[in-house]
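Asks: Below: sequence and its predicted model.
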Amino acid sequence: MRVLSVRGKYSVLRLRGIPRRLMPAARHARKIFMFSGLLLISSCSVDTVMRPDVDVGMHTATVGGGGLQNLVPSNPMMMSYPRIRLPQSPSAVMPADEVSCRRQLKRLGVTFRNLAPIDDGGACRIDHPVEVSGLSGGIDMKPAATLTCDMALTVARWTKNELAPAARMRYLSGIGTIHQGSSYSCRRIRGTSVASEHSKGNALDIMRITLKNGNDIDVRRPGFFAFRQKSLLNKVRAQGCDYFTTVLGPGYDADHKDHFHFDIKDRRNGYRACR
């Protein structure tokens with residue numbers, strides 16, 4: 001049996017030179033050969049349909065090799081795990097002077113916490129504000145005051161070195177609570193376009209003081225016979241200018257008739273306004 005020609009997809013077999021007694025076996029062999037070829041063609045067609053030639057962009061593990069690690073993309077940046085942001089310590093995001101200021105507040109026994117930056121537009125902003133709720137000697141600040149750290153430190157030093165000793169000397173009692181009327185507040189100085197120091201967190205208004213023995217000291221102008229109160233308020237006004245650049249109290253104008261205003265405004269030539 002020889003293959004004499006090829007037509008299309010199939011080989012054509014011609015039976016020549018084969019003895020007649022072997023012809024049935026030869027014909028049977030030819031049928032088996034052609035049937036096998038048809039099966040091969042049929043299997044290729046089914047396999048092509050079941051496995052379309054599409055690139056899905058994925059590498060998977062081969063059987064018996066590598067395990068699950070082969071399922072992980074070779075580039076770790078392609079992985080879509082959620083990112084976790086760890087909180088930063090104050091020293092990592094604050095200038096050195098702000099960090100140093102907070103250390104000084106702690107040494108003075110000030111109770112405070114850091115706040116998120118404040119930006120209400122224009123001059124109304126504090127980059128690194130603190131909220132002060134207590135001063136040394138167990139003095140409460142009510143309500144808690146939002147200030148720059150520099151202003152908080154100035155208030156703490158003045159209270160510890162001047163205000164608290166003056167109150168003890170005149171009233172034989174320590175200070176329990178300082179009641180403030182305004183700390184940070186986005187506003188201008190009345191009648192002007194100039195931003196108030198309150199809008200920068202550099203100012204504090206004190207309305208009254210409660211002593212540990214329960215007595216209240218109103219900072220408004222005292223009566224004629226209120227000698228101890230007069231003496232304390234005069235001390236507050238005079239000694240305050242050693243710490244603050246502005247001290248305005250009752251008697252200065254109608255806007256300050258019921259409180260003391262303290263701020264640390266930076267003025268030319270170190271000028272201070274104490275009235």
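Replies: Arrived safely.
Asks: residue contacts, residue 118?
Replies: 124, 125, 126, 129, 146, 184, 201 (C-beta atoms under 8 Å, 6 or more residues apart in numbering). In this view, the C-beta of every residue, glycine as well, is placed from N, C-alpha and C.
Asks: Who does residue 177 form a beta bridge with?
Replies: Note on residue 177: beta-bridge partners by DSSP bridges are residue 140, residue 210.
Asks: Please apply the same query to residue 262.
Replies: residue 204, residue 247.
Asks: so how far is residue 142 from it?
Replies: In this view, residue 262 and residue 142 are 17 Å apart by C-beta to C-beta, to the nearest Å.
Asks: Of those two, which one has the most company?
Replies: residue 262 (26 against 13; other C-beta atoms under 10 Å).
Asks: Most neighbours among the contacts of residue 118, which one?
Replies: residue 201 (29 neighbours).
Asks: hey, C-alpha coordinates of stretch 263-273 in PDB?
Replies: The C-alpha trace of stretch 263-273 is given here as PDB (Å, rounded to 0.1, in the frame of the first residue of the first chain):
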ATOM      1  CA  ASP A 263      -2.700  90.000  73.300                       C
ATOM      2  CA  ILE A 264       0.800  89.600  71.900                       C
ATOM      3  CA  LYS A 265       0.600  91.700  68.800                       C
ATOM      4  CA  ASP A 266       3.900  92.300  67.200                       C
ATOM      5  CA  ARG A 267       4.400  96.000  66.900                       C
ATOM      6  CA  ARG A 268       7.200  98.200  65.600                       C
ATOM      7  CA  ASN A 269      10.000  99.200  67.900                       C
ATOM      8  CA  GLY A 270       8.600  96.900  70.700                       C
ATOM      9  CA  TYR A 271       5.700  99.300  71.400                       C
ATOM     10  CA  ARG A 272       3.200  98.100  74.100                       C
ATOM     11  CA  ALA A 273      -0.300  99.400  74.600                       C
END
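Asks: Grab the nearest non-local neighbour of residue 160.
Replies: Distance criterion C-beta to C-beta, 6 or more residues apart in numbering; nearest residue to residue 160, sequence neighbours excluded, is residue 136 at 5.0 Å.
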